[in-house]
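Chemist: need a structure here:
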Amino acid sequence: MVARRSLISIATVGLAAALAGGAQARDEGRALAATIGEAIESCVDTSAIRFERNDRHVLLDPADAGAVSAALARRYPMVERDGLAPQSIVLWRKPGAGWLYVGLLVNPAKPGQTCFTATFVAGRFDLTAALVEKYFGIGTASE
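Modeler: As a prediction, this is how the structure comes out:
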């Protein structure tokens, strides 16, 4: 778990730096990493995603997040058009729902915190099985 949290922190800082550049990006990256824990608030309403202790979830590394973000934009152009393109992405196996992508932003209403823009059914994207295997091991993609 500690190794996963370290990986999450490193991946988030790298992604934010690539997206925004400079010191501001490093600060936003730290905010994303620091606030991904047991719950993530919605950017648009009062709901929240709550991760249970045994839920499988991981913050994707910058390259993988970029690939997923591009796939999301192709399938759902309104996400990018409406300014909700994720700065980072969590891959999560929600109990009873299967694998989901969770789009994250630094919360514009609460600087220093993260919020989610939307969730997307991961099974609709060809790259999902490979990402599940990469982050969680062989055989978990069919869960």
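
Chemist: could I get the full set of helices for this protein?
Modeler: 2-20, 22-35, 62-75, 77-81, 128-136 (DSSP state H).

Chemist: count of residues packed around residue 105?
Modeler: Neighbour count for residue 105, taken as other Cβ atoms under 10 Å: 19. C-betas here are computed from N, CA, C, even on glycine.

Chemist: which one is it nearest to, not counting chain neighbours?
Modeler: Distances taken as Cβ to Cβ, 6 or more residues apart in numbering place residue 87 nearest to residue 105, at 5.2 Å, with adjacent residues excluded.

Chemist: thought the one you found was touching residue 102?
Modeler: No: counting by Cβ atoms under 8 Å, residue 87 does not reach residue 102; the two are 11.9 Å apart.

Chemist: from residue 132, how far out is the nearest residue to residue 100 once chain neighbours are set aside?
Modeler: Closest residue to residue 100 apart from its sequence neighbours, by Cβ to Cβ, 6+ apart: residue 119 at 4.7 Å. When distance is defined by Cβ to Cβ, to the nearest Å, residue 119 is 16 Å away from residue 132.

Chemist: looking at those two, which has the bigger crowd around it?
Modeler: Taking neighbours as other Cβ under 10 Å, residue 119 and residue 132 compare with residue 132 leading, 23 against 16.
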